[in-house]
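> Generate coordinates for the sequence data below:
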Amino acid sequence: MDNLLIQPSNKTPQISFDSANGVLEISGRSIPENSVDFYRPVLQWLESYQTSPKPETKFIFKLEYFNTSSSKCLLDIFRKLEKLSEAGHPTIIEWYFDEDDEDMQESGEDFQEIIELPFHMIELKDD
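Residues are numbered from 1 along each chain as shown. Prediction:
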């Protein structure tokens, strides 16, 4: 299976999904004009990945900001990961947030309440 790599822009995050290692990462800002169009290839890639996943999948979430329409798409991503876990493939979420970004921390906690996957909340300290 091919990896998925989408370069970031001012409004869209970097997507780096490594199928060989089962490490999936989204980082940057997610405020696309049309979130559904932007995240469609991501969801399609996850559909394919579910057919032959790695023994363990790690999803690294390092967004500094996302808008409301992106949050729905992120929930769709988490639901696909949840199905992967329910099929017997351990899946963990690493949710990164800056120590002074309470909104991003709370967003991670909110997703954690909705999704039945282990979330590791990782606070990034300012140097």
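
> Neighbouring strands - and their directions - for the longest strand along the chain?
In the chain, with assignment by DSSP state E, the single longest strand is strand 57-66. Its sheet considered, strand 57-66 pairs with strand 23-30 (parallel), strand 91-98 (parallel) by DSSP bridges.

> where along this protein do the helices fall?
35-51, 68-86, 102-114 (DSSP state H).

> Tell me what angle the second one forms with helix 102-114.
Helix 68-86 runs at 40 degrees relative to helix 102-114, counting by axes from the mean of the first three to the mean of the last three Cα atoms, to 10 degrees.

> Please compute how far helix 68-86 lies from its chain's middle.
8 Å (Cα atoms, centre = their mean, to the nearest Å).

> how far away is the residue nearest in space to the middle of the chain from M121?
Central residue of the chain (Cα atoms, centre = their mean): F61, 4.9 Å from the mean position. From F61 across to M121, the span is 10 Å (Cβ to Cβ, to the nearest Å). C-beta: built from backbone N, CA, C; applies to glycine.

> Now the common contact residues for the two.
Residues touching both F61 and M121 by Cβ atoms under 8 Å, 6 or more residues apart in numbering: W95, G108.
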